[in-house]
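# Predicted model follows, preceded by the sequence.
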Amino acid sequence: MQTENKQNQKKTRRNQEALPILMLILLSSLLVLAIVIGIYYKVQPNMTASADTKENYAEKNESEEILRVVTKAPTKAPTAIPEPTTTKAPSPTEAPTPTETPSPTVTPTEAVTPSPTPTKAPSPTATPEPTEAEIPSPTATPEPTEAATPTPTATPTPTVAPEPTEVPTPTPVKDFTADPEKPMVAFTFDDGPYTPVTGRILDVLKEYDSHATFFIVGNRISSYTDTLKRIYEEGHQVASHTWSHKNLKELDATGILEQINKTEKKLNQYVPVGSVMLRPPYGATNATVRATVPVPMIHWSVDSLDWQSRNTDAIIEQVLKDVSDGDIILMHDLYDTTAAAVEYLVPELVERGYQLVTVEEMFAVRGQELTAGKVYYQAIPKR
Ligand code: NI
């Protein structure tokens, strides 16, 4: 019995010793449970909140809240990541909702729009005022327009389009270099061009940096276009000797103009000389010619009589005995004897201090104006 009692006592002691251990285990378990529950509730509130939001969102159509939700949406996105399937499902539901929502939003907007429209209604009332205000402005505008109108009206007038159309006006402004204080004469050559003679004359003029005037017969132009171009390009004056060397005194105004216009038109096909001076064949003019010819007519003060003598020495003597400042010298670029005489006279006159210039330049540098329809024999000498 004692042994049994001892054994029971031992058991009891063991039980008594085990009790605190059990209690410890139990408390530990409770603690763990509490922690687990705590963690659960920490997570749960977020899920609940999102659920509420979803509900509000589905139920409420007010645009303001939708805007808020949309704004918050990105913030919630990470939260939704754990349950993508569920989150996406409501998304489509949400999608249509906002889509419908904007329309009502637009409607109020339109409702507001009409109000500004009525606002505009009064503005038209105000519009007549500004219109009146604007009316005076345009009224003022037409005034300057009228002021400007006369100017352009004047512009077409100076254009003188009709004239240049028929005969291109003045040639490019030439750069005259003759010294008006020094003696000068103008060689003039009629009845050409004729290349064998004209060419020699051009050569010597070029050699002495001198210029001359060529009164060209219109019906010869086609045969000597190269020489005509050379005359122009080397700075000489291109002028007219009529189309077919007619005595203008035997023609009426129409015939006179035909002789002049036809020649100018032909000249301008090759060189841009515009309207050119005229030397009437035989120096023949009368009242009709002077009244009809639309350009200055250039006669001469020194006649070389080259056409008559056909002698180089005679030509040279004829010129040198009479030449003086302001003279216009008559020659014809048709004869070899004339070319030879010029080849002597050019250096000789230059040596004597004469400037060999075109008719145009001589009158220009001396300040003597040439008038259409008038006849000129020479430039007024210096002194
Ligand atoms: Ni002639």
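Sure thing, it's come through.
# Name the nearest residue to the residue in the stretch 251-383 of the chain that the ion sits nearest to, ignoring sequence neighbours.
Across the stretch 251-383 of the chain, no residue is closer to the ion than residue 281, which sits at 4.7 Å (CB to the ion). (Each C-beta comes from the backbone N, C-alpha and C, glycine too.) Spatially, and ignoring its direct neighbours in sequence, residue 281 is nearest to residue 245 (4.8 Å; CB to CB, 6 or more residues apart in numbering).
# helix, strand or coil for the one you found?
The three-state assignment at residue 245 reads coil, by DSSP: H, G, I helix; E, B strand; the rest coil.
# Please work out how many residues are found near it.
16 (other CB atoms under 10 Å).
# Could you report the separation of it from residue 368?
Per CB to CB, to the nearest Å, residue 245 is found 28 Å from residue 368.
# what do you get for residue 344?
Taking CB to CB, one finds residue 344 at 29 Å from residue 368.
# repeat for residue 347
27 Å.
# Tell me which stretches of the stretch 251-383 of the chain form strands.
Secondary structure of the stretch 251-383 of the chain (DSSP state E, counting those that start in this stretch): strands at 297-298, 302-303, 328-332, 355-356, 375-376.
# just checking, what packs against the first one?
Going back to what we said before, that points to strand 297-298. Counting contacts by 3 or more CB pairs under 8 Å, 6 or more residues apart in numbering; DSSP states H and E, strand 297-298 packs against strand 375-376.
# Neighbouring strands of the strand it packs on in the sheet, and parallel or not?
strand 297-298 (parallel) (DSSP bridges).
# Run through who's touching the strand it pairs with.
188, 213, 215, 239, 277-280, 285, 289-290, 328, 359, 373-376 (CB atoms under 8 Å, 6 or more residues apart in numbering).
# one more time with 10 Å
Defining contact as CB atoms under 10 Å, 6 or more residues apart in numbering, one finds that strand 297-298 is touched by 186, 188, 213, 215, 237, 239-240, 248, 277-280, 283, 285, 289-290, 328, 330, 359-360, 363, 370-378.
# Give me the contact status of it with the ion.
No. Strand 297-298 lies out of reach of the ion by CB under 5 Å from the ion, never closer than 12.3 Å.
# quick revisit: torsion angles phi and psi at the residue nearest to residue 281?
phi 60, psi 40 (degrees, to the nearest 10).
# quick one: it and residue 217 touch, right?
Yes. With contact defined as CB atoms under 10 Å, residue 245 counts as touching residue 217 (5.5 Å).
# Identify the contacts common to those two.
Contacts common to residue 245 and residue 217, judged by CB under 10 Å, 6+ apart, are 190-191, 281.
# got CSV for the residues you listed, with neighbour count and pLDDT too?
Supplementary listing: those in CSV, determined by neighbours: other CB atoms under 10 Å; pLDDT from 0 to 100:
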residue, neighbour count, pLDDT
190, 22, 98
191, 21, 98
281, 19, 98
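# Tell me the one of the residues you listed nearest residue 303?
The shortest approach to residue 303 among those belongs to residue 190, at 11.1 Å (CB to CB).
# which ones are touching that closest one?
Listed by CB under 10 Å, 6+ apart, the contact set of residue 190 reads 213-217, 239, 241, 245, 279, 281, 300, 306-307, 330-334.
# one more time with 8 Å
215, 217, 241, 279, 281, 330-333.
# Next: residue 286.
Contacts of residue 286 (CB under 8 Å, 6+ apart): 248-249.
# quick check, the longest strand anywhere in the chain touching the ion?
Scanning the chain for the strand with the most residues, using DSSP state E, yields strand 184-190. Yes. Counting by CB under 5 Å from the ion, contacts between strand 184-190 and the ion involve residue 190.
# Any chance you could list what contacts the host helix or strand of residue 228?
In this assignment (DSSP states H and E), residue 228 forms part of helix 225-233. When contacts are defined by CB under 8 Å, 6+ apart, helix 225-233 is touched by residues 192-195, 198-199, 202, 214, 216, 221, 238, 267, 270-271, 273.
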